[in-house]
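**Student:** Return atomic coordinates for the entry below.
(one chain, ligands or ions: 2)
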Amino acid sequence: MNHFDWDHSFYVDFDLAAGFSEKAEPTRRYLSQMKDMYYDSAAAEKILKTEDPLIYEFYELGFPEREGDLAFGTTILYPGKVGNEYFMTKGHFHTKLATAEVYYTLSGEGCMVMENPEGDTLEMPLVKGQALYVPRRYAHRSVNTGKDPLVMFFTFQADAGHDYGTIETKGYHKMVVEKGGETAVVPNPKW
Ligand SMILES: O=P(O)(O)OC[C@H]1O[C@H](O)[C@H](O)[C@@H](O)[C@@H]1O
Ligand SMILES: [Fe+2]
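**Tutor:** Residues are numbered from 1 along each chain as shown. Ligands and ions are numbered 1, 2, ... in the order given. Down below sits the predicted model:
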C-alpha cells in the first residue's frame with residue numbers, strides 16, 4: 001500500500017504510453033478472479049487449465065474516501081479474448097450512484113460499455129488522445145478490442161465507492177465480441 005499525503009501536494013509518475021508507475025502499487029486481476037463474468041464459461045475453464053492470464057492491472061493510490069478528494073490513476077487492460085468476448089474490466093456502479101468519472105485513453109483501442117439501473121445502455125469507443133466522460137448513474141466497464149494493451153488514465157470523486165453487486169450476479173446487458181473478424185456489441189443472452 002502506498003502512503004501519499006492527501007493533505008499535501010504530491011507527485012505520482014505515470015508513463016504516458018505504458019501506464020506504469022514506479023511510485024504507485026498496482027492491483028492485478030487475473031482470469032481466475034473474474035471467470036464467471038465471461039459469457040463462455042467453458043472457454044474460460046479451458047484457458048484456466050493451462051494458464052491464468054493477467055487481464056488488467058491498475059494503480060491504486062490508497063486514496064482516502066473523503067468528500068472533496070479525487071481518486072486517480074491508470075489502468076492497463078491487456079489484449080485477448082475468452083471465447084469470442086474481448087478481455088474487459090469487471091466494471092462497477094459507484095456506490096454514490098450519481099458520481100461521474102473521466103477516462104483518458106493513453107494508448108490502445110477499446111470500448112467503454114455503460115448502463116444505468118433502468119437498463120439504458122451506452123457504448124463509446126475509447127480512442128487514444130480522447131477523454132471520455134462517464135455520466136452519473138452509469139456502471140462502466142472497459143473492453144480492449146485491439147491487439148495492444150489499452151492504457152487509460154481515470155479520475156473520479158474519492159468517496160464514490162465501488163458497487164459490483166448487480167454486475168457480478170447478472171452481468172451487463174451488452175457484450176463486446178469478435179464476430180466474423182469485426183468487433184460487435186451484442187445483447188447478453190443471460191439478461
Ligand atoms: O473496479 P474494476 O471494475 O475492476 O476496475 C478497476 C479500476 O479501474 C478503473 O479505472 C477505475 O476508475 C477504478 O476505480 C477501478 O477500481
Ligand atoms: Fe468508476
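**Student:** who does the lowest-mean-pLDDT helix or strand in the chain touch, helix- and strand-wise?
**Tutor:** One helix or strand of the chain scores below all others by mean pLDDT, DSSP states H and E: helix 165-170, with a mean of 82. Taking 3 or more C-beta pairs under 8 Å, 6 or more residues apart in numbering; DSSP states H and E as the contact definition, the neighbouring helices and strands of helix 165-170 are strand 139-144. C-beta here means a position set from N, CA and C on the backbone, and glycine is covered the same way.
**Student:** Let me know the next secondary structure element after the strand it packs on.
**Tutor:** With elements assigned by DSSP states H and E, the helix or strand that comes after strand 139-144 is strand 150-157.
**Student:** partners of that next one in the sheet?
**Tutor:** The strands that strand 150-157 pairs with in its sheet are strand 70-77 (antiparallel), strand 101-107 (antiparallel) (by DSSP bridges).
**Student:** Reformat the ones you listed into a markdown table and put mean neighbour count, distance to Ile167 and mean pLDDT next to each item.
**Tutor:** Compiled in a markdown table, the strands paired with strand 150-157 are given as follows (neighbours: other C-beta atoms under 10 Å; distance: least, C-beta to C-beta, whole Å; pLDDT from 0 to 100):
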| stretch | mean neighbour count | distance to Ile167 | mean pLDDT |
| --- | --- | --- | --- |
| strand 70-77 | 20 | 16 | 97 |
| strand 101-107 | 19 | 15 | 98 |
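**Student:** could the ones you listed be laid out in TSV, adding distance to ligand 1?
**Tutor:** Formatted as TSV, these follow (distance: least, C-beta to the nearest ligand atom, whole Å):
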stretch	distance to ligand 1
strand 70-77	4
strand 101-107	6
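**Student:** quick one on the thing from earlier: contacts for the least confident helix or strand of the chain, please.
**Tutor:** Outside of helix 165-170, the residues within contact range by C-beta atoms under 8 Å, 6 or more residues apart in numbering are Asp36, Met37, Lys90, Gly91, His92, Phe93, Pro117, Ala139, Arg141, Lys190, Trp191.
**Student:** ok so, going back, distance to Val12 for the strands paired with strand 150-157 - can I get that in a markdown table?
**Tutor:** Below are the strands paired with strand 150-157 laid out as a markdown table (distance: least, C-beta to C-beta, whole Å):
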| stretch | distance to Val12 |
| --- | --- |
| strand 70-77 | 8 |
| strand 101-107 | 14 |
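**Student:** Quick one: the helices in this structure, in order.
**Tutor:** For the chain, the helices defined by DSSP state H cover 41-50, 165-170.
**Student:** where does Met1 land on pLDDT?
**Tutor:** At Met1 the predicted local distance difference test score is 53.
**Student:** before we move on, back to that, so which of the helices of the chain comes closest to ligand 1?
**Tutor:** Taking C-beta to the nearest ligand atom as the criterion, helix 165-170 is the member of the helices of the chain that comes nearest to ligand 1, at 8.1 Å.
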